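*Asks:* With the input below, show me the fold.
(chains A and B)
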2 protein chains.
Amino acid sequence: MLLRAGLNGNSAYALLAELTTACGPRLSGSPGAARAVDLTAAMMRRYGFVNVRAESLMVPHWVRGPVEDAQLLDGRGRRRALAVAALGGSVATPRTGITAGVIEVRSFDELRAAGPRAAGKIVFFNRPMDPTTFNTFGGYGGAVDQRASGAIEAARVGAVGVIVRSVTLAHDNVPHTGSMSYADSIVKIPAVAIGIRDAELLSTTVARDPRARVRIRLSCQTLPDAPSANVLGELVGSERPDEVIVIGGHLDCWDKGVGAHDDGAGCMQAIEALRLLKVLGITPKRTIRAVMFMNEENGSRGGRAYAADPHRTTERHVAAIEADRGGFTPRGFAVQADSATVERVRRWAPLLDIVGAGQISAGHAGVDVSPIVDAGATGFGLIVDHHRYFDVHHSANDTLQAVHPRELELGAIAGALLVYLLSEEGL
Amino acid sequence: MLLRAGLNGNSAYALLAELTTACGPRLSGSPGAARAVDLTAAMMRRYGFVNVRAESLMVPHWVRGPVEDAQLLDGRGRRRALAVAALGGSVATPRTGITAGVIEVRSFDELRAAGPRAAGKIVFFNRPMDPTTFNTFGGYGGAVDQRASGAIEAARVGAVGVIVRSVTLAHDNVPHTGSMSYADSIVKIPAVAIGIRDAELLSTTVARDPRARVRIRLSCQTLPDAPSANVLGELVGSERPDEVIVIGGHLDCWDKGVGAHDDGAGCMQAIEALRLLKVLGITPKRTIRAVMFMNEENGSRGGRAYAADPHRTTERHVAAIEADRGGFTPRGFAVQADSATVERVRRWAPLLDIVGAGQISAGHAGVDVSPIVDAGATGFGLIVDHHRYFDVHHSANDTLQAVHPRELELGAIAGALLVYLLSEEGL
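*Replies:* Residues are numbered from 1 along each chain as shown, chains lettered A, B, ... in the order given. Predicted coordinates for the structure are as follows:
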């Protein structure tokens, strides 16, 4: 019944087209993110969800700015543009940019071993994401430290800038941005991601040309925190309205693409899941709530604000489902709970398998719901076919066209099935 | 080990790029198919497979020809081009084409009920492929009768031509061709597939304009059978060389695209599976043979010729694996055997799951290997994520760009794992 209602329309894709077209990029604090707050509230009202509201919060406000380029200057003075993107949170360079020699390393240990040789240089972290790890999230986790902490580690040894090989499996030249951190006690140096082809060019160039230098110019800046909001809408439970089942994704996204997979998909699947239950005339026993969390990408403020909101004090959260692994064919759910609970969930596997989502395993639910899970709710993370995800993740490749309507809808149906089972049977 | 060797290179995709670029479309009897026979033999020799050979056979030789168009003529004499493609095997129209009124039906029963009203008309079979069937192959099976037998059923009631709604889930306007049949005792009328958008246009037009007519012009023809071949190469077994495990796909494809998914993928995965075992220095106990079957699409001559070839008399086929469901992320294998054998295969599920291919179920292996399976071999069909397959199937959408290198390689690794297990442990 859910299959028929969902696959006849592929409405999740129509919603995602509306979101990405009307809002564009949706980085926290941006005009696009503000439009997305209004639009998703309007979508929920359009479908007759109740208690539709925006819960206010303050978010970090980093802006990329108009100037963002890099040039490779070889020993003979030849210049070549490099495809780069400032990492989220990076400081700007001086107006004239920074120009320095490059030292390539594959790890922090290698960087520390280089020690003084890195002083005054731009550190080039070039360890690839391992394609031989079957789980691409594992491969991502094995490389992302370079992006997250590279600027801190490079500054420790006196470097003036950082270039990080994009954490992706795609063999194009599109830079993949993402969050990075600084330490208060350590000087903040600018950091960029570089496309894979240019990473390989840079690597071969610095290997054979000791006089090669790179010039980086960035105008990005961190503005004062900006007002924003999480967006909520629900189907009120008929028997236990105070018991809440959350399904959601994060509404913000990196600014290079329009966050179709990351995480417009999860947001639209949450709205579509409730819409499907409503069109089928289902009144759940417990309250089912769609939540568009703000600021997952560079602060996780939305997830924390949701859990801390005064409204939560009168509610009991039974479960929280997060969809933030891309809008691909669903496989199952990671359950963040004790093994007995995981076993109880597993009894639903045959039902979830009608949409191919019967693989139930213990695992992390997701960043946005973790504060609710820490507070006692059972966490669920939608697991999908992940092999194409890091081709688009945090880059200009993350477009509506990269999402397949049927694959996206199947994830929404899987979410609708799970929230329905949770609302009727509990845990 | 296989994961590392395979995913480091994604060689299957490089092979597929070579095949599709060098040969183009590969319909049986075409120059492209002839080039593919030579090229795949060269690929196998390049990698040091032994007993590389082409086993000759004769294939049907249908050619589309230069003229292929259709026009919608409404009651006011306005003309509009329709996106059509002759079905494989269709007869041509007269040089001036056929022009007739259109009667739309959704089933053969509806056609018979229409009876005389269909005489002299073009029958428009417009039953969509059901998107609500989770298994897209099931949805395909529920609609393809219109393409396969539509011309016979329409001619029975005196129709002069057939237009079939493309059997696809894509919402574009690209016609999807495929095989059709005639009956000797019944007049042969021309038949075309029409793109989905134009199918909807045609449907609304004939509903409101009884004077609407369609003109179809086709110059396709069936030439005398042409010489062609299956292509074989193997790793000879060290202990039981006369016991053979086949892995293969079909080398021919429909002529509108380059058959990247259908079935260049299966062919290149078979070659890649043997290449991987060879680079890992594995000498199998039983003989593992890659087979490129010719003419699956419009005659299945290759599968039958392979089983009937004199060489087979001195060999015992233990198993035959066919990959012909598109080069998507693998899920598992359909096993065509008694339930006890299926259970024995299931013991390998944990091993196959390292590449996500642990779902073992009873099912049909495939058209090409069925003659060997009928002769006693256990049949295996590679099961993949099928939700995107019918967007490209038998159409101009079936291009190299529609195949993902990692997804393709994972299927090749799954095949390599299974043939290795079969060669070492038997069944």
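*Asks:* the helices in the stretch 151-300 of chain A, which residues?
*Replies:* A:196-208, A:265-279 (DSSP state H, counting those that start in this stretch).
*Asks:* mind giving me JSON lines with these and columns for mean neighbour count, distance to chain B and mean pLDDT?
*Replies:* For every residue, glycine as well, the C-beta is placed using N, CA and C. Putting the helices of the stretch 151-300 of chain A into JSON lines (neighbours: other C-beta atoms under 10 Å in any protein chain shown; distance: least, C-beta to the nearest C-beta, whole Å; pLDDT from 0 to 100) gives the following:
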{"stretch": "helix A:196-208", "mean neighbour count": "17", "distance to chain B": "13", "mean pLDDT": "97"}
{"stretch": "helix A:265-279", "mean neighbour count": "27", "distance to chain B": "13", "mean pLDDT": "98"}
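*Asks:* Nearest to A:L87 among those would be which one?
*Replies:* helix A:196-208 (14.4 Å; C-beta to C-beta).
*Asks:* Packing partners of the closest one?
*Replies:* Helix A:196-208 sits against strand A:68-73, strand A:79-82, strand A:98-105, strand A:122-125, strand A:161-165, with contacts defined as 3 or more C-beta pairs under 8 Å, 6 or more residues apart in numbering or on different chains; DSSP states H and E.
*Asks:* Number of residues surrounding A:N298?
*Replies:* Residues within reach of A:N298, counting by other C-beta atoms under 10 Å in any protein chain shown, total 23.
*Asks:* quick one: it and A:V63 touch, right?
*Replies:* No - using C-beta atoms under 8 Å as the test, A:N298 is too far from A:V63 to be in contact (11.6 Å).
*Asks:* roughly how far apart are the nearest residue to A:R106 once chain neighbours are set aside and A:R147?
*Replies:* The shortest distance from A:R106 to any non-neighbouring residue, by C-beta to C-beta, 6 or more residues apart in numbering or on different chains, is to A:R127 (4.2 Å). Per C-beta to C-beta, to the nearest Å, A:R127 is found 11 Å from A:R147.
*Asks:* of those two, who's got more company?
*Replies:* Per other C-beta under 10 Å, whichever of A:R127 and A:R147 has more neighbours is A:R147, with 26 against 18.
*Asks:* tell me which element that one is part of?
*Replies:* For A:R147, the host element (DSSP states H and E) is helix A:145-156.
*Asks:* could I get that helix in PDB with only the CA atoms?
*Replies:* Extracted in PDB, the C-alpha atoms of helix A:145-156 (Å, rounded to 0.1, in the frame of the first residue of the first chain):
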ATOM      1  CA  ASP A 145      41.400  13.800   9.500                       C
ATOM      2  CA  GLN A 146      43.500  15.700   7.000                       C
ATOM      3  CA  ARG A 147      40.600  18.100   6.300                       C
ATOM      4  CA  ALA A 148      39.400  18.300   9.900                       C
ATOM      5  CA  SER A 149      42.700  18.900  11.700                       C
ATOM      6  CA  GLY A 150      45.200  19.600   9.000                       C
ATOM      7  CA  ALA A 151      45.300  23.300   9.600                       C
ATOM      8  CA  ILE A 152      46.000  22.800  13.300                       C
ATOM      9  CA  GLU A 153      48.800  20.200  12.700                       C
ATOM     10  CA  ALA A 154      50.400  22.300   9.900                       C
ATOM     11  CA  ALA A 155      50.400  25.500  12.000                       C
ATOM     12  CA  ARG A 156      52.100  23.600  14.900                       C
END
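*Asks:* now that helix: mean pLDDT?
*Replies:* Mean pLDDT, computed over helix A:145-156, is 98.
*Asks:* Buried residues of that helix, list them for me.
*Replies:* By neighbour count on 16 or more other C-beta atoms under 10 Å in any protein chain shown, the buried set for helix A:145-156 is A:D145, A:Q146, A:R147, A:S149, A:G150, A:A151, A:I152, A:E153, A:A154, A:A155, A:R156.
*Asks:* Tell me, how many residues neighbour A:E425?
*Replies:* Neighbours of A:E425 (other C-beta under 10 Å): 12.
*Asks:* if I look at it, how far off is A:L351?
*Replies:* 11 Å.
*Asks:* So, low pLDDT: which residues of the stretch 151-300 of chain A?
*Replies:* Nowhere does the stretch 151-300 of chain A drop to pLDDT under 70.
*Asks:* how about stretch A:315-334 against chain B, any contact?
*Replies:* Yes - residues of stretch A:315-334 are located near chain B by C-beta under 8 Å from any C-beta of the partner chain, namely A:T329.
*Asks:* buried sites along that stretch?
*Replies:* A:317-334.
*Asks:* In strands, which of those fall?
*Replies:* A:H317, A:V318, A:A319, A:A320, A:I321, A:E322, A:P330, A:R331, A:G332, A:F333, A:A334 (DSSP state E).
*Asks:* Max pairwise distance over these: which two?
*Replies:* A:H317 and A:R331, at 24.9 Å, using C-beta to C-beta across those.
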